[in-house]
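S.K.: Build me a model from this:
(one chain, ligands or ions: 1)
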Amino acid sequence: MAYINDNYQKLPGSYLFSEIAKRIKTYQTQNPAAKIIRLGIGDVTQPLPKVCIDAMKHAVDEMGDVKTFRGYGPEQGYEFLREKIADYNYKQRGINVEADEIFISDGSKCDCGNIQEIFGLNNKIAIADPVYPVYLDTNVMAGRTGDLQADGHFEGVVYLPCTAENNFAPAIPNEHVDMIYLCSPNNPTGTTISKSDLKRWVDYAKANDAIILYDAAYAAYITEDDVPRSIYEVEGARDCAIEFRSFSKTAGFTGTRCGYVVIPRELTGKNKNGDDVPLKNLWLRRQTTKFNGTAYIVQRGAEAIYSEDGQNQVHGLVNYYMENAKIIRDGLKDIGLTAYGGVNAPYIWLQTPKDMPSWTFFDKLLNEANVVGTPGAGFGPCGEGYFRLTAFGDRSNTIEAMERIKMQLQL
Ligand code: MLT
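M.R.: Next comes the predicted model:
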């Protein structure tokens with residue numbers, strides 16, 4: 001008899017974006033002629049920057065020559081990439097992060113989901129509501145929560161409601177927690193945490209011996225100067241924070257897969273004897289056991305964005321999507337809808353018209369406008385009454401989607 005991990009059965013039937021994909025497929029099968037525009041999952045549509053393509057082609061050639069062929073790479077990632085990340089994303093911004101504190105991976109989703117493995121099951125977690133489902137679901141799978149309650153919250157989790165009233169900024173809990181998930185620029189609300197608020201979080205974490213798991217996958221989309229790109233811009237963060245970054249949204253790598261985690265060397269957690277254990281060592285142990293590194297070709301592609309041409313091309317890509325964000329925001333405003341985000345993030349978080357439940361709004365847009373978005377309720381109970389649109393579509397589809405939405409909702 002093989003018993004299952006019962007924690008999996010605490011979770012609702014399917015992962016949010018799988019449920020959406022299922023509904024689209026059903027609709028498309030019943031309506032084969034419908035031209036569906038997908039602004040649901042945050043998946044990019046524009047080609048990779050030319051510098052990445054050239055670097056990857058060159059790496060393919062290297063793999064085809066016995067003199068330059070490479071087998072397994074270092075589990076932590078190639079030094080050539082870690083050095084460039086440390087330089088461009090941290091040192092050049094006056095932030096102290098060294099290459100040996102960076103761990104290259106096949107993307108932030110895996111990192112955000114896997115990181116909880118190095119922490120004890122007795123830790124109390126705090127997460128925003130609404131939230132990127134990966135943080136919560138992976139903790140449920142691990143058994144760090146109780147059952148799903150009638151209010152849509154899991155027992156044993158400290159939820160941090162993010163609503164229009166608090167400007168979608170999670171408030172510091174008035175109880176002790178051990179692990180805090182923060183995401184800025186935020187998925188799904190598109191809002192950001194200011195430097196002064198982030199400093200309050202760092203102070204709370206240090207006072208509570210807690211760890212902040214800081215997801216900065218959308219950092220490249222920040223346009224305003226006073227928004228921190230990295231939690232390590234805040235004094236004291238090296239003692240209490242792990243940071244996640246990604247090439248997916250920065251350089252169009254959603255299908256190519258590359259991300260990284262930063263774990264400062266002084267960051268520790270307690271073992272059962274109360275001793276301080278460096279988290280970096282635990283993560284290295286985890287990665288060397290369960291991961292054989294990101295493909296060499298992909299790491300060469302990622303490295304290529306750290307050059308003058310590379311930075312220009314990446315900015316071009318980000319600007320393209322941010323122009324879409326403006327088109328969506330302006331379009332929603334034109335029809336009197338309230339929308340947030342889209343200024344420092346590629347997500348627009350809108351209030352559904354007439355307080356319509358978000359899955360009802362999803363079905364309405366799919367059926368009547370053939371446009372797909374993401375229902376806010378899928379990100380947590382506080383997401384009810386909201387709907388997320390992504391700016392990652394291509395330009396003509398984004399314009400057409402807004403025309404269709406305007407037509408449907410103005411009637
Ligand atoms: C989303 O739509 O929220 C994104 O696809 C998240 C992700 O990158 O996994």
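
S.K.: who's in contact with the residue nearest to residue 34 when sequence neighbours are not counted?
M.R.: Spatial nearest neighbour of residue 34, excluding adjacent residues (Cβ to Cβ, 6 or more residues apart in numbering): residue 370 at 4.9 Å. C-beta coordinates here come from the backbone N, C-alpha and C atoms, glycine included. When the contact criterion is Cβ atoms under 8 Å, 6 or more residues apart in numbering, the partners of residue 370 are 34-37, 404.

S.K.: Also residue 400?
M.R.: Neighbouring residues of residue 400 by Cβ under 8 Å, 6+ apart: residue 37.

S.K.: from the contacts of residue 370, which is closest to residue 391?
M.R.: residue 37 (12.8 Å; Cβ to Cβ).

S.K.: Let me see the contact set for the closest one.
M.R.: So residue 37 contacts 370-372, 393, 397, 400-401, 404 (Cβ under 8 Å, 6+ apart).

S.K.: possible to save those as a markdown table with pLDDT, secondary structure and distance to residue 213?
M.R.: Converted to a markdown table, the contacts of residue 37 look like this (pLDDT from 0 to 100; DSSP: H, G, I helix; E, B strand; the rest coil; distance: Cβ to Cβ, whole Å):
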| residue | pLDDT | secondary structure | distance to residue 213 |
| --- | --- | --- | --- |
| 370 | 97 | coil | 37 |
| 371 | 97 | strand | 33 |
| 372 | 97 | strand | 29 |
| 393 | 97 | coil | 29 |
| 397 | 98 | helix | 34 |
| 400 | 98 | helix | 38 |
| 401 | 98 | helix | 33 |
| 404 | 97 | helix | 38 |
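
S.K.: Looking at the contacts of residue 370, which one is closest to the ligand?
M.R.: residue 37 (15.3 Å; Cβ to the nearest ligand atom).

S.K.: circling back to that earlier point, now render the contacts of residue 370 as TSV, adding secondary structure and distance to residue 99.
M.R.: What follows is the contacts of residue 370, written out as TSV (DSSP: H, G, I helix; E, B strand; the rest coil; distance: Cβ to Cβ, whole Å):
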residue	secondary structure	distance to residue 99
34	coil	49
35	coil	47
36	coil	44
37	strand	42
404	helix	48
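
S.K.: Neighbour-wise, which one of the residues you listed leads?
M.R.: residue 37 (23 neighbours; other Cβ atoms under 10 Å).

S.K.: Point me to the residue of this structure nearest the ligand.
M.R.: Closest to the ligand within the chain is residue 42: 3.2 Å, counting by Cβ to the nearest ligand atom.

S.K.: where does that residue land on pLDDT?
M.R.: In this model, residue 42 is scored at 93, pLDDT.

S.K.: Which helix or strand contains it?
M.R.: Element membership of residue 42, judged by DSSP states H and E, is empty: it is in no helix or strand.

S.K.: in the stretch 151-300 of the chain, which spans are helices?
M.R.: 195-208, 248-251, 279-290, 296-303 (DSSP state H, counting those that start in this stretch).

S.K.: In TSV: the ones you listed, plus distance to the ligand and mean pLDDT.
M.R.: Below are the helices of the stretch 151-300 of the chain laid out as TSV (distance: least, Cβ to the nearest ligand atom, whole Å; pLDDT from 0 to 100):
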stretch	distance to the ligand	mean pLDDT
helix 195-208	22	97
helix 248-251	6	97
helix 279-290	20	97
helix 296-303	16	98
